[in-house]
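Asker: show me how the following folds:
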Amino acid sequence: MLHCCGGVRELLGHLIEAGLDAINPVQISCRGMVAAELKAEFGRDITFWGGGCDTRDILPNAAPQQVARHVREQVRTLAPGGGFVFQQVHNILANVRSENIVAMFDAVNG
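Answerer: As a prediction, this is how the structure comes out:
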């Protein structure tokens, strides 16, 4: 497993070839890190540990209903066939409303 922030899409094929099994975070707000494209291209070969909720824009700024909708979409995109561990993209910061954190977890567990 490798912790590697940012737009690492161009490196993923090489990292997989070198034996990498999992990548964390999956920073979906960065250039080239579109969840559906990553899953289609690399989903059979690597586990995506993260990418379940955008912590830069969605979690701190959206309404709880929007957070839940975003999380459900990310899970629908990344989970099929395995190779996905739900985690938000990065740490949850102090400016995030508790309602949004609850909406995120309820969307995963509900």
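Asker: check contacts around N100.
Answerer: Applying CB atoms under 8 Å, 6 or more residues apart in numbering, one finds that N100 lies in contact with L59, P60, A62, P64, V67. Yep, even glycine has a C-beta here, placed from its N, CA and C like the rest.
Asker: which residue packs closest to it, ignoring adjacent ones?
Answerer: Counting by CB to CB, 6 or more residues apart in numbering, the nearest residue to N100 once its immediate chain neighbours are dropped is V67, at 4.9 Å.
Asker: from E99, how far off is the one you found?
Answerer: 8 Å (CB to CB, to the nearest Å).
Asker: more neighbours: the two, which one.
Answerer: Applying other CB atoms under 10 Å to V67 and E99 shows that V67 carries more neighbours, namely 27 against 11.
Asker: got the CA coordinates for the host helix or strand of the more buried one in CSV?
Answerer: With elements delineated by DSSP states H and E, V67 resides in helix 64-78, which encompasses its position. Output in CSV follows, covering the C-alpha atoms of helix 64-78 (Å, rounded to 0.1, in the frame of the first residue of the first chain):
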residue,chain,number,x,y,z
PRO,A,64,-26.2,17.0,3.8
GLN,A,65,-28.4,15.7,1.0
GLN,A,66,-25.7,16.6,-1.5
VAL,A,67,-23.1,14.9,0.6
ALA,A,68,-25.2,11.7,0.7
ARG,A,69,-25.8,11.7,-3.0
HIS,A,70,-22.1,12.2,-3.8
VAL,A,71,-21.1,9.4,-1.4
ARG,A,72,-23.6,7.0,-2.9
GLU,A,73,-22.4,7.8,-6.4
GLN,A,74,-18.7,7.3,-5.4
VAL,A,75,-19.5,3.9,-3.8
ARG,A,76,-21.6,2.9,-6.9
THR,A,77,-18.6,3.8,-9.0
LEU,A,78,-15.7,2.3,-7.0
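Asker: buried by neighbour count: which residues of it qualify?
Answerer: P64, V67, A68, H70, V71, Q74, V75, T77, L78 (16 or more other CB atoms under 10 Å).
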